[in-house]
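1. 3D model of this:
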Amino acid sequence: MALLKLLLAPKQLAKKWHIGDQSRAALRSTIIGGQWSQARLNQYGYASDGVCQYCLDCPGTLHHRLWCCPMLQQEREEAVDSEVIQAARAAPQSDLMFTRALMPRDALPRISAPSMGDIWSFAHGGDTAALTGDIYTDGSGLAPICWPEANRAGWGIAVMTGQTMRGIAYGLLPGHHQSVPRAELYAVTQALRHGTAPMHIRTDCLGIVEGLQHGREWCIHSSRPNNDIWKL
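-> Residues are numbered from 1 along each chain as shown. Below you'll find the model as predicted:
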């Protein structure tokens with residue numbers, strides 16, 4: 001379930017998103033099925049009947065309590081947009097999105113990975129021959145906590161003379177494996193492939209520096225992450 005990790009977020013993320021302890025506890029209870037509706041109490045022999053104790057007119061399911069019971073309509077409208085209420089009422093009661101805040105991963109949009117071709121642009125001069133001298137490389141990325149298929153990373157190159165930037169190259173990290181260390185390494189390979197000697201490549205990625213210190217055989221070993229890029 002894609003949202004499980006998100007809603008069971010650690011306290012650091014809960015603090016970042018301004019989720020109080022009480023709200024976080026309520027989310028956890030919802031996700032793990034800790035809400036006991038009247039129908040559920042009746043199912044397990046803890047209540048004599050399963051009728052909603054608010055309206056006394058419908059089966060007291062969790063879906064009914066949250067989205068349909070007329071006695072709770074005012075609270076519902078204060079807490080949730082009308083479009084969400086309509087969508088929840090139209091959904092089957094077995095839909096866990098509206099009763100336990102769980103979304104199946106296959107319900108998320110499918111995203112294709114960037115092409116394996118070189119996806120990049122060059123600015124401030126427009127000529128790759130300007131990739132020479134002092135070259136600074138970097139990588140960055142965005143990793144949604146509950147949707148790894150949507151991870152995206154990018155790489156960049158800056159050509160500097162002292163404090164003056166003479167050119168930049170940048171692009172998307174190709175392939176399904178999207179991570180910042182991989183983007184950092186890809187930036188270096190792009191500088192080497194398209195640059196012109198003499199070059200002095202500078203990176204803040206310790207993994208690249210350590211890899212170069214260990215040598216090619218160590219870097220391209222099958223147990224090393226991103227060994228396919230080291231082979232380029």
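2. Helices of this protein, residue ranges please.
-> Counting by DSSP state H, the chain has helices at residues 4-7, 11-16, 21-31, 38-43, 62-63, 73-79, 82-90, 97-100, 180-194, 206-214, 216-219, 227-230.
3. Give the full set of residues in contact with the most centrally placed residue in the chain.
-> Centroid-nearest residue in the chain: Pro144, 1.2 Å away (criterion: C-alpha atoms, centre = their mean). Taking C-beta atoms under 8 Å, 6 or more residues apart in numbering, we find Pro144 in contact with 150-151. C-beta here means a position set from N, CA and C on the backbone, and glycine is covered the same way.
4. Take the helices of the chain and lay them out in CSV including distance to Pro109 and mean pLDDT.
-> Below are the helices of the chain laid out as CSV (distance: least, C-beta to C-beta, whole Å; pLDDT from 0 to 100):
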stretch, distance to Pro109, mean pLDDT
helix 4-7, 16, 45
helix 11-16, 23, 57
helix 21-31, 22, 83
helix 38-43, 33, 95
helix 62-63, 25, 94
helix 73-79, 27, 91
helix 82-90, 17, 92
helix 97-100, 15, 90
helix 180-194, 23, 93
helix 206-214, 32, 94
helix 216-219, 36, 94
helix 227-230, 27, 94
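5. Dump the ones you listed to JSON lines, plus mean neighbour count.
-> As requested, the helices of the chain are arranged in JSON lines below (neighbours: other C-beta atoms under 10 Å):
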{"stretch": "helix 4-7", "mean neighbour count": "16"}
{"stretch": "helix 11-16", "mean neighbour count": "12"}
{"stretch": "helix 21-31", "mean neighbour count": "14"}
{"stretch": "helix 38-43", "mean neighbour count": "17"}
{"stretch": "helix 62-63", "mean neighbour count": "20"}
{"stretch": "helix 73-79", "mean neighbour count": "11"}
{"stretch": "helix 82-90", "mean neighbour count": "13"}
{"stretch": "helix 97-100", "mean neighbour count": "19"}
{"stretch": "helix 180-194", "mean neighbour count": "21"}
{"stretch": "helix 206-214", "mean neighbour count": "14"}
{"stretch": "helix 216-219", "mean neighbour count": "14"}
{"stretch": "helix 227-230", "mean neighbour count": "16"}
